[in-house]
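S.K.: Below is the sequence, then the predicted model.
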There are 2 protein chains.
Amino acid sequence: MDGDTRETIRAVALELFSNKGFEQTSLREIAERVGLTKASLYYHYSSKQSLLLAVVEPVITGWRTIVDDTARLEHTPENVRHVVGRCLDVFLRNRSVAGIFQRDAAGVAVVLGELWDDMVGLGKRLVAWFAGPAPTTADRLRAVAAMEVLGAVLSSTTYQDEDEFTEEEMRAVLSQAAMDVLRLSAEPAASGVRRLG
Amino acid sequence: MDGDTRETIRAVALELFSNKGFEQTSLREIAERVGLTKASLYYHYSSKQSLLLAVVEPVITGWRTIVDDTARLEHTPENVRHVVGRCLDVFLRNRSVAGIFQRDAAGVAVVLGELWDDMVGLGKRLVAWFAGPAPTTADRLRAVAAMEVLGAVLSSTTYQDEDEFTEEEMRAVLSQAAMDVLRLSAEPAASGVRRLG
DNA sequence: GTCTATAGATTGATAGAC
DNA sequence: GTCTATCAATCTATAGAC
């Protein structure tokens, strides 16, 4: 059935890390849930840190690809929308892992070490690209805010019950919201008047 | 000089909790930094949990006041802007404490127990108010995104160097950005055209 | 590959002298 | 109020039999 024990361990670790936090999850608990002893985990992963890496690294790689691609992309509204869409895709397809970074930054930063610094560097580069060429401080601040808007994909479960939003709706609404924050929206925001549902 | 040892301990704990995370900070380290022994801390605080409470509780109280006040506030653009401003004020005046919640949610949630659930409840109420009466799912999603925009006050130091933004600029830019996300902005967003600096 | 057993370190917390 | 000394629990990680 479960041909790959190593993958089962990774899946259980992902679930526990994202629900309880990295430091709050012990190898004993992971082992119990998998149906092994603590010692057996060490046959598959050399340390708790390497287990976290296995959980987290694929997502970081995908993230790095997006940011690297922006280096060759001109900062046009269409391109910004495209990059925003790619970011949302990564978050949507890796909600659990991305949630670890969002809700447990303090816990994983120390363990990831330089890799964490790399990620922060990627975030800075993306924010800088969002801000556009020759940005004012207001532009840079809006770029930070736009990044936070994308993170709403992950926190929506905190503020709302269950899976209230579909993936398509999150993609549509949040990419529009990010463009609004960056003031690159094609459709101007309603001016003080609320449309009726 | 330091008339109040208890307050010194609280200040050191706040600094360490917000920089390294709650679980990653040991009482030994706090004691060292204060210039006391671990045991002496227990004369002033009965547990590590109670120390966290002392650090965090005043901010939660201020937060609760804002949310409670919205119960008697009609959802008009002016009122929304007012509430957004009050939220930004709380974050700006308590950057360190608020940063603990943002970057170490996994670490403090377990320790705060019911108090954490209360805070999540407050967040949900505020998001619901931001979404307005009879909201669509898109309205609710934008309300979540607007909350995230306010959190940009705290993450701006992660994405940018040092204190690049003044408090006034953060207040102005981010409250406008939040209104844009909620589509309650008085000034419509530029339509695809970037103004030059 | 999985197990039992244990090392080695750290932590939060307490007892009791001063 | 602060100290020394210590407890009990928990954790990551390793050694070695099967």
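M.R.: Arrived safely, thanks for sending.
S.K.: where's A:Leu52, which helix or strand?
M.R.: Using DSSP states H and E, A:Leu52 falls within helix A:48-70.
S.K.: how about the next helix or strand after that helix: buried residues?
M.R.: Scanning forward in sequence from helix A:48-70 by DSSP H and E, the next helix or strand is helix A:77-93. Residues of helix A:77-93 classed as buried by neighbour count (16 or more other C-beta atoms under 10 Å in any protein chain shown): A:77, A:80-81, A:83-84, A:86-88, A:90-92. C-betas here are computed from N, CA, C, even on glycine.
S.K.: near chain B too, which of those?
M.R.: With C-beta under 8 Å from any C-beta of the partner chain as the criterion, the buried residues of helix A:77-93 include A:Pro77 near chain B.
S.K.: What parts of chain A come near DNA strand D?
M.R.: A:25-29, A:38-39, A:42, A:46-49 (C-beta under 7 Å from any atom of the strand).
S.K.: By neighbours, which of the residues you listed wins?
M.R.: A:Thr25 (24 neighbours; other C-beta atoms under 10 Å in any protein chain shown).
S.K.: one step back: what mean pLDDT does the helix holding A:Leu52 have?
M.R.: For helix A:48-70, the mean pLDDT works out to 98.
S.K.: circling back to that earlier point, adding pLDDT, write the buried residues of helix A:77-93 out as JSON lines.
M.R.: Output for the buried residues of helix A:77-93, formatted as JSON lines (pLDDT from 0 to 100):
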{"residue": "A:Pro77", "pLDDT": "97"}
{"residue": "A:Val80", "pLDDT": "98"}
{"residue": "A:Arg81", "pLDDT": "98"}
{"residue": "A:Val83", "pLDDT": "98"}
{"residue": "A:Val84", "pLDDT": "98"}
{"residue": "A:Arg86", "pLDDT": "98"}
{"residue": "A:Cys87", "pLDDT": "98"}
{"residue": "A:Leu88", "pLDDT": "98"}
{"residue": "A:Val90", "pLDDT": "98"}
{"residue": "A:Phe91", "pLDDT": "97"}
{"residue": "A:Leu92", "pLDDT": "97"}
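S.K.: and the buried residues of helix A:77-93, which two are the farthest apart?
M.R.: The span of the buried residues of helix A:77-93, defined through C-beta to C-beta, is set by A:Pro77 and A:Leu92 at 22.2 Å.
S.K.: Apart from its neighbours in sequence, what residue is nearest A:Val67?
M.R.: A:Leu122 (4.6 Å; C-beta to C-beta, 6 or more residues apart in numbering or on different chains).
S.K.: which SS state does the one you found fall under?
M.R.: Classification of A:Leu122 using DSSP: H, G, I helix; E, B strand; the rest coil returns helix.
S.K.: That one: what's it in contact with?
M.R.: A:63-64, A:67 (C-beta atoms under 8 Å, 6 or more residues apart in numbering or on different chains).
S.K.: hang on, the earlier thing: inside strands: which ones of the residues of chain A next to DNA strand D?
M.R.: Taking DSSP state E as the definition of strands, the residues of chain A next to DNA strand D contribute nothing to them.
S.K.: Among these, which ones are in helices?
M.R.: Using DSSP state H, the subset of the residues of chain A next to DNA strand D located in helices is A:27-29, A:38-39, A:42, A:48-49.
S.K.: Which positions in chain A make contact with DNA strand C?
M.R.: Counting by C-beta under 7 Å from any atom of the strand, chain A sits next to DNA strand C at A:5, A:35-40, A:43-44.
S.K.: which of these are buried?
M.R.: Buried among these by 16+ other C-beta under 10 Å: A:36, A:44.
S.K.: Out of the residues of chain A next to DNA strand C, the closest to B:Pro135 would be?
M.R.: B:Pro135 lies nearest to A:Gly35 out of the residues of chain A next to DNA strand C, by C-beta to C-beta, at 45.0 Å.
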